[in-house]
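# Pasted the sequence and its predicted model underneath.
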Amino acid sequence: MRNLMRAMVGLVGLFNIGLGMAFLFDPAHSVARFFLTPGGTQGLATVRADFTAFFVTGGVFALLGAWREETAPLRVPLSLLGIAIGGRVVSLVLDGAPNTAFPPISVEAGMIAVLLLASRTFAGRAGR
């Protein structure tokens, strides 16, 4: 079970790092998949900075948690994803619920579930 959790968390980490790299190197295409329109070069710079930071940071800490089999690094992607899903829920309440709102929530919820399960699995290792 421990190795399965390491692999699943590793996939979460690589997925997020891949998204972050896409925002860094191809922001114009990446924002379209997220229903965003950056305003000019400064908008693209903001996308490159903020989205890359979000996804790469979460991904790196997920990989670190998987590699070390430790729960502490998993708190970073759990916090990021928890805040993101919270923002999506606020948007659902304030702006309505289009069909396009549910796929990202499902993906984030799935990643949260994997990270929480891994945290429970890793918690038994050497008191971590």
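Noted; the coordinates are in hand. Numbering: from 1, shown residues only.

# Just the helices from this protein, written as ranges.
Here the chain has its helices, by DSSP state H, at 2-25, 27-33, 40-46, 52-68, 75-95, 102-123.

# Switch those helices over to CSV; also include mean neighbour count and mean pLDDT.
To be clear about C-beta, it is placed using only N, CA and C from the backbone, and glycine gets the same treatment. Listed next are the helices of the chain as CSV, based on neighbours: other Cβ atoms under 10 Å; pLDDT from 0 to 100:
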stretch, mean neighbour count, mean pLDDT
helix 2-25, 18, 97
helix 27-33, 14, 92
helix 40-46, 11, 92
helix 52-68, 21, 98
helix 75-95, 15, 97
helix 102-123, 16, 96
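
# Quick check: residue 22 touching residue 31?
No. Counting by Cβ atoms under 8 Å, residue 22 stays clear of residue 31, with 9.9 Å between them.

# Just read off the phi/psi values of residue 38.
phi -70, psi 140 (degrees, to the nearest 10).

# what about residue 71, how many neighbours?
Using other Cβ atoms under 10 Å, residue 71 has 20 neighbouring residues.

# quick one: it and residue 116 touch, right?
No. Residue 71 is beyond contact range of residue 116, at 9.8 Å (criterion: Cβ under 8 Å).

# so how far is residue 94 from residue 19?
Counting by Cβ to Cβ, to the nearest Å, the gap between residue 19 and residue 94 amounts to 25 Å.

# No further queries at this time; thank you.
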